[in-house]
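[1] okay, predicted coordinates and the sequence, questions at the end:
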Amino acid sequence: MQISVLPNPLQHNQKASLMAPLNQFIQRVMHHVVNEVLIKGLANSKTFQRFAVKTDSHINKIKSEGMESFEEMTKRASSTVVEAVDGGMAAAPGTRGGPPLPPPRGMAGFMRAFAHSVKEDFAGASR
């Protein structure tokens with residue numbers, strides 16, 4: 001009969017706690033090395049520099065076009081509001097120029113909508 005010896009959990013935790021600072025140090029060194037190589041490599045790359053300049057100019061162009069269109073839309077909206085206020089918006093609900101009427105509610109509204117839909121379906125079928 002063979003007896004297996006389980007590892008002491010305290011010994012494992014002690015090893016892990018001793019290895020943690022070493023792992024952090026190795027991670028920091030690798031992170032620094034990779035960053036230095038990557039940043040210096042991209043900074044010296046003419047292709048990446050052209051890409052960065054083109055991307056920057058394209059983004060600036062889109063921003064300026066967006067601001068122009070935004071200003072144009074705000075001018076149109078403000079003129080529409082001014083016209084509406086000057087015109088008085090006196091149109092009655094449900095008339096041309098006035099707010100739309102809400103649909104009827106309840107069973108009567110359902111029946112009216114159902115009848116309208118059936119009429120449209122039959123009118124389309126007879127064509």
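    Yep, that arrived.
[2] quick one: average confidence on the helix ranked longest in the chain?
    If you go by DSSP state H, the chain has its longest helix at helix 46-87. For helix 46-87, the mean pLDDT works out to 86.
[3] quick one: distance of that helix to the chain centre.
    19 Å (CA atoms, centre = their mean, to the nearest Å).
[4] following element in sequence after it, please.
    On the C-terminal side of helix 46-87, the nearest following helix or strand under DSSP states H and E is helix 106-125.
[5] tell me what that next one is packed against?
    Helices and strands in packing contact with helix 106-125 are not found; criterion 3 or more CB pairs under 8 Å, 6 or more residues apart in numbering; DSSP states H and E. From N, CA and C alone the C-beta is placed, and that goes for glycine too.
[6] ok now it, how far from the chain's centre?
    In this view, helix 106-125 has its centroid 40 Å away from the chain centroid, taken as CA atoms, centre = their mean.
[7] let's see it as CSV, backbone CA atoms only.
    As requested, the backbone C-alpha atoms of helix 106-125 are provided in CSV (Å, rounded to 0.1, in the frame of the first residue of the first chain):
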residue,chain,number,x,y,z
GLY,A,106,-60.5,51.3,-27.2
MET,A,107,-62.7,48.9,-29.1
ALA,A,108,-64.1,51.7,-31.4
GLY,A,109,-60.5,52.7,-32.4
PHE,A,110,-59.6,49.1,-33.1
MET,A,111,-62.7,48.5,-35.2
ARG,A,112,-62.1,51.7,-37.2
ALA,A,113,-58.5,50.7,-37.9
PHE,A,114,-59.5,47.1,-38.7
ALA,A,115,-62.1,48.3,-41.2
HIS,A,116,-59.7,50.7,-42.8
SER,A,117,-57.1,48.0,-43.2
VAL,A,118,-59.6,45.6,-44.7
LYS,A,119,-60.9,48.2,-47.2
GLU,A,120,-57.3,48.9,-48.3
ASP,A,121,-56.6,45.2,-48.7
PHE,A,122,-59.7,44.7,-50.8
ALA,A,123,-59.0,47.8,-52.9
GLY,A,124,-55.5,46.6,-53.6
ALA,A,125,-56.8,43.1,-54.6
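[8] okay, buried residues for that helix please.
    For helix 106-125, burial by neighbour count (16 or more other CB atoms under 10 Å) applies to no residue.
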